[in-house]
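S.K.: Sequence and predicted structure, then a few things I'm wondering about:
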Amino acid sequence: MGEKTIYLDHAATTWTKPEVLEAMIPYFTESFGNASSIYRLGRDNRKAVDAARADIARSLGADPGEIFFTASGSEADNWAIKGAAQARASKGRHLITSAIEHPAVLNVCEYLAKSGFEVTYLPVDADGLVSPDVLKAAMRPDTTLVSIMMANNEIGTIQPISELAAIAKAGGALFHTDAVQAAGNIRVDVRELGVDLLTISGHKFYGPKGIGALYVKKGVKLETLIHGGHQERGKRAGTENVPGIIGMAKALTLATENLESHGEKLLALRQKALAGITSRISHVKLNGHPTTRLPGNLNMSFQYIEGESLLLMLDMKNIAASSGSACTSGSLDPSHVLLAIGLPHEIAHGSLRMSFGDANTEADVDVLLDCLVEIVGKLRHMSPLYESSMN
Amino acid sequence: MGEKTIYLDHAATTWTKPEVLEAMIPYFTESFGNASSIYRLGRDNRKAVDAARADIARSLGADPGEIFFTASGSEADNWAIKGAAQARASKGRHLITSAIEHPAVLNVCEYLAKSGFEVTYLPVDADGLVSPDVLKAAMRPDTTLVSIMMANNEIGTIQPISELAAIAKAGGALFHTDAVQAAGNIRVDVRELGVDLLTISGHKFYGPKGIGALYVKKGVKLETLIHGGHQERGKRAGTENVPGIIGMAKALTLATENLESHGEKLLALRQKALAGITSRISHVKLNGHPTTRLPGNLNMSFQYIEGESLLLMLDMKNIAASSGSACTSGSLDPSHVLLAIGLPHEIAHGSLRMSFGDANTEADVDVLLDCLVEIVGKLRHMSPLYESSMN
Amino acid sequence: MYSEKVMDHFTNPRNVGDIEAADGVGQVGNAKCGDIMKIYLKIENGIILDAKFKTFGCGAAVATSSMATELIIGKTIEEAQKITNKAVMEALDGLPTAKVHCSVLAEEAIAAALLDYRKKNGLATEEEEGCNGCCGSCGSHDLHMHHGLDEENEE
Amino acid sequence: MYSEKVMDHFTNPRNVGDIEAADGVGQVGNAKCGDIMKIYLKIENGIILDAKFKTFGCGAAVATSSMATELIIGKTIEEAQKITNKAVMEALDGLPTAKVHCSVLAEEAIAAALLDYRKKNGLATEEEEGCNGCCGSCGSHDLHMHHGLDEENEE
Ligand SMILES: Cc1ncc(COP(=O)(O)O)c(C=O)c1O
Ligand SMILES: Cc1ncc(COP(=O)(O)O)c(C=O)c1O
């Protein structure tokens, strides 16, 4: 990463670890064959892809035959939701999701809502949790799919997936979870969770960008999203991205091996940052669940100031963070997630997401705290809201 | 590539050139930021992606705003065809394609045919050409899209795209061409061709796998295929695969710079191989157009023998080639392309595609010829068809 | 995404603060939309002698506020009233499409402060109406018509 | 994709060729489907003394032909008739799902050659019917029932 940047946006993306890149390199060069070809260059790659599939399956507690490679978390979310909705359309046309999903889920649901499906968006409580009772009440005989993310990308809240999945199952619906933020950060075991479909994305756990996977429980039928060649057992076309597949498998394997120590480290950094911010800056608020959250996620609102300005000033201090999801920046509206947990618009606008990761140290947190104190002060001095709140 | 392998399957995939990989590496490591983030790590990547987009646009004669990145040729084909068909469904539900398209086009058409669209599959002549007159006759008032590939992946035949596109346009239909095999091998200029949509795939011209692009002419509306974040101007979601994008742009730029010398070299190899095969082996036939074909593509039928056996024996001699498309291997039926140009099943089964590329030399062709003579002889000796033909 | 000029005015905003007993004060935008601009004017003999601002908003909001105050200081009221969002944008070497509304806000903040001045001095006509505090009134849906933006050209 | 055994029998096929004045000859499959197997038998006193084959087909077709001839040489007619496609597959350490039909073809080629022998010797019953030459009759659609394949487990 950049020499002096303090990177606090691991939830947006991560670099590819050196050992992961190293594992990928041969597949760009000598071992470049098409995994569908029958000669050695192809067969060897088929074997490498199969081994990677097995590694990913092992990390997720799945069977290799249940893992399908995609080009991103977004593609996997699209495939899972459109694919299940369409494959089960004769059974019903009601879908359930939550109000705080990633756009890769929400916008798919919106699209389906325009094509003859009905979508219920479950509310969340002030901590960002979906209530199992609320899901139970929303289930209908024509509900075919429930999609609720495992961990939120903005506020880090972790949902009670196994409970929610059981309710969906009891109601005859499939259950999909977007585990893009969870995988590599907390334990993800498809059997424990009891889910039918689960999405992961390589670049969130120090793997490469442009590769993801969808877990599809044996027996679950999906309409195909990318038609064409017979790759991925005829269910997802396109010449296999062998380096990407190898890289994602290596990265997930490493992450799974180090899950505990990684989590402890991130938790310590987060708690230090949280304690520092709350003790040194007034009018701040923690967003998301205080404890049931991703270890590396810290989301704070700083009243009277606006998030983008905060980000820009942090950037000038070589600190990279995010205000809401990086994926939704460029929009004028504040984060739908922060609104869904009940923040007023003006507070939502002034939120900052710090997502800690591998390269961070306690010293980074010290720098962060000093910078935040200075910048928040400066922006509040400039703010007509702070002025009037002081009157 | 493998030390001693003679690789004659460049149409299936190519390795990533060292200078291309070199250009990609920094984007895995230091410059790993999310291109949608507003801090420097993100902004720099946004600039790099924009520059890559401009490079690709320049190579294709397009505007940067007309280039959209996808994860593969297959995804781009799916998006173009489903996207245009759905966006224009109120205008009509008739699509036209050819009988020799890649499965990424044919299977999309089949899918659409099951969802309320009507598809006309244009026949081709014995050389694999689509006749403009045949297209003209197939056009209907409710035809919304014509999709005909620029160069065929199996037999290499190059279609008269500008003529075909003009007919589609005159009839009020959009024109898509799958230029996956053409790009990097022959001149591809979207304005000269007069197409509305054009597909390319990075790994066919010494770029990385898992990255492709769709040219969408300014003003052409497509239904989105991958919904979610606002990437690719809100039209194709998913965190940008920055290394892939950089790599594809570098590879296409290199290929475009060397188009002429590359083409001449491949043509010479192909003609040498063709002359050697026809002079040294009896009962052979060239498939595809004798001259209007990709410079590096040679497709031959060897009567009385079966292609897979031929491939396996070549593989044992460290020669990598293909029988029909690598993407359709694993099927029992002979290539739909070879059947479409009128080959009897048994001849189609005995076809071999040799696609020449960067690493090949005249010496490779000499080795190929000696091996073919020996292997074809051995397989014919084993063949009950050869036996009976001799009676 | 921002020009150097924008970043300069964001990093070192000119004229931050307030003016005691200002001759005109205008506040536009609202916190709901993420942008509030408050402009204070000191006016003598029809000439804007000083201008200050306070802004809650994004980098572009801060920069346009800063630039707007720069542009009007020393100008007559009539000259200041003619300063459009376009002029502010141009002075900043442009703004990203998504941020054009900030320049509109700056134009309206000036107008609101001048209206306040005229009201205080009994010069305002009845019909005059400033920003209604809702971004919708100056932002998003009207933008395309008023400022000739082309959604397709975004980015 | 192929086991070492398959590759061995493909690379060095046993018993390639024909038998002059064979006691039984059977040919199954057809060129349309990409596989033809022709088996020649030399039979004395109900025992298969020799078997040869010629095959047009994929690697699996050649290997199953080779293995099938190996399996039946030295066997009685009754024993040879009991050799199923499964036995051929097992002897080859398995075949990819898409290639199972080749082993079926091998079983049927043996049956056809034995039928020819019985016909030549007036031993055939009326009902007996060999391979009709169409792959569909032994391959694809029936496979799943007869050979317990699970499409989901493919690859
Ligand atoms: C003509 C043609 N179209 C589409 C594709 C699909 O490209 P990809 O495998 O990159 O998805 C290929 C190659 O596989 C091809 O040759
Ligand atoms: C929760 C969640 N889902 C889905 C995605 C989409 O993943 P990708 O950008 O790899 O398509 C992201 C991140 O961008 C995410 O955080």
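M.R.: On my side now, so go ahead. Ligands and ions are numbered 1, 2, ... in the order given.
S.K.: so how many other residues sit close to the closest residue in space to A:Ala320 that isn't next to it in sequence?
M.R.: Spatial nearest neighbour of A:Ala320, chain neighbours left out: B:Tyr39 (4.3 Å); criterion: C-beta to C-beta, 6 or more residues apart in numbering or on different chains. Where C-beta positions appear, they are placed from N, C-alpha and C, glycine not excepted. When neighbours are counted by other C-beta atoms under 10 Å in any protein chain shown, B:Tyr39 registers 26.
S.K.: residues contacting B:Tyr39?
M.R.: With contact taken as C-beta atoms under 8 Å, 6 or more residues apart in numbering or on different chains, B:Tyr39 is in contact with A:9, A:311, A:314-315, A:319-321, B:33.
S.K.: one more time with 7 Å, if that's ok
M.R.: For B:Tyr39, the contacting residues are A:311, A:315, A:320, by C-beta atoms under 7 Å, 6 or more residues apart in numbering or on different chains.
S.K.: cool, and A:Ser323?
M.R.: Counted by C-beta under 7 Å, 6+ apart, A:Ser323 has contacts A:307-308, A:310-311, A:351-353.
S.K.: gap between it and ligand 2?
M.R.: Applying C-beta to the nearest ligand atom, to the nearest Å, the value for A:Ser323 to ligand 2 is 15 Å.
S.K.: And for that residue, nearest residue in space, chain neighbours not counted?
M.R.: A:Ser323's closest residue in space is A:Gly307 (C-beta to C-beta, 6+ apart), at 3.2 Å.
S.K.: State the pLDDT value of the one you found.
M.R.: On pLDDT, A:Gly307 comes in at 91.
S.K.: same check, this time on A:Lys4
M.R.: Value for A:Lys4, per-residue pLDDT: 82.
S.K.: Tell me the secondary structure of it, please.
M.R.: coil (DSSP: H, G, I helix; E, B strand; the rest coil).
S.K.: Not counting sequence-adjacent ones, nearest residue to it?
M.R.: A:Asn318 (5.4 Å).
S.K.: try A:Thr16
M.R.: B:Phe28 (4.0 Å).
S.K.: Just the element for A:Leu311, please.
M.R.: For A:Leu311, the host element (DSSP states H and E) is helix A:307-316.
S.K.: returning to that earlier point: would you mind checking the contacts of A:Ser323 for buried ones?
M.R.: The neighbour-count test (16 or more other C-beta atoms under 10 Å in any protein chain shown) marks A:307-308, A:310-311, A:351-353 as buried among those.
S.K.: near chain A, which residues of chain C show up?
M.R.: C:10-11, C:13, C:16, C:27, C:31-32, C:34, C:36, C:38, C:54-59, C:62, C:98, C:140 (C-beta under 7 Å from any C-beta of the partner chain).
S.K.: re the thing from before, just checking, what packs against the helix holding A:Leu311?
M.R.: If you count contacts as 3 or more C-beta pairs under 7 Å, 6 or more residues apart in numbering or on different chains; DSSP states H and E, helix A:307-316 packs onto strand A:351-355, helix A:362-382, helix C:59-72.
S.K.: mind redoing it with 6 Å?
M.R.: helix C:59-72 (3 or more C-beta pairs under 6 Å, 6 or more residues apart in numbering or on different chains; DSSP states H and E).
S.K.: any idea where the strands of chain A begin and end?
M.R.: A:6-7, A:67-70, A:94-98, A:118-122, A:143-147, A:174-178, A:197-201, A:212-216, A:284-287, A:297-302, A:319-320, A:351-355 (DSSP state E).
S.K.: Could you check how far A:Ala273 is from B:Arg88?
M.R.: 52 Å (C-beta to C-beta, to the nearest Å).
S.K.: A:Gly288 too?
M.R.: 44 Å.
S.K.: what's the model's confidence in the longest helix seen in chain C, averaged?
M.R.: Longest helix of chain C, by residue count under DSSP state H: helix C:100-120. For helix C:100-120, mean pLDDT rounds to 94.
S.K.: Pull out the buried residues from that helix.
M.R.: C:100-117.
S.K.: again, but for stretch A:128-144
M.R.: A:128-130, A:134-135, A:138-139, A:143-144.
S.K.: In a markdown table: the residues you listed, plus distance to chain B and pLDDT.
M.R.: Listed next are the buried residues of stretch A:128-144 as a markdown table, based on distance: C-beta to the nearest C-beta, whole Å; pLDDT from 0 to 100:
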| residue | distance to chain B | pLDDT |
| --- | --- | --- |
| A:Gly128 | 20 | 98 |
| A:Leu129 | 23 | 98 |
| A:Val130 | 20 | 98 |
| A:Val134 | 25 | 98 |
| A:Leu135 | 23 | 98 |
| A:Ala138 | 22 | 98 |
| A:Met139 | 25 | 98 |
| A:Thr143 | 21 | 98 |
| A:Thr144 | 18 | 98 |
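S.K.: Just to be careful, could you list which of these are in helices?
M.R.: Short answer: the buried residues of stretch A:128-144 in helices (DSSP H) are A:134-135, A:138.
S.K.: Quickly name whichever of the residues you listed is closest to D:Met67.
M.R.: A:Leu135 (57.2 Å; C-beta to C-beta).
S.K.: nearest spatial neighbour of that closest one, skipping sequence neighbours?
M.R.: A:Ile167 (5.2 Å).
S.K.: Then A:Gln181?
M.R.: A:Ala151 (4.4 Å).
S.K.: That neighbour: what's it in contact with?
M.R.: A:158, A:181-182, A:294 (C-beta atoms under 6 Å, 6 or more residues apart in numbering or on different chains).
S.K.: how close does it sit to D:Lys75?
M.R.: Separation of A:Ala151 from D:Lys75 (C-beta to C-beta) stands at 64 Å.
S.K.: picking up where we left off before, and the residues of chain C next to chain A, which of them are buried?
M.R.: C:10, C:13, C:16, C:27, C:31-32, C:34, C:36, C:38, C:54-59, C:62, C:98.
S.K.: Let's see which of the residues you listed end up in helices.
M.R.: C:10, C:59, C:62.
S.K.: Help me confirm that the second one comes into contact with C:Phe10.
M.R.: In other words, C:Gly59. Yes: if you go by C-beta atoms under 6 Å, C:Gly59 and C:Phe10 touch, sitting 4.4 Å apart.
S.K.: which intervals of chain A have sub-threshold pLDDT?
M.R.: A:1-3, A:324-332, A:390-391 (pLDDT under 70).
S.K.: same thing but 90
M.R.: Residue ranges of chain A with pLDDT under 90: A:1-4, A:36-38, A:323-334, A:345-346, A:359, A:386-391.
S.K.: Ok, chain C next?
M.R.: Checking chain C against pLDDT under 90 turns up C:1, C:30-35, C:96-99, C:101, C:122-155.
S.K.: okay, which residue is most central for it?
M.R.: C:Ala106 (1.2 Å; C-alpha atoms, centre = their mean).
S.K.: my guess is that one contacts C:Ala63, does it?
M.R.: No: counting by C-beta under 6 Å, C:Ala63 is not a contact partner of C:Ala106; they are 9.2 Å apart.
S.K.: contacting residues for A:Ile347?
M.R.: A:Ser301.
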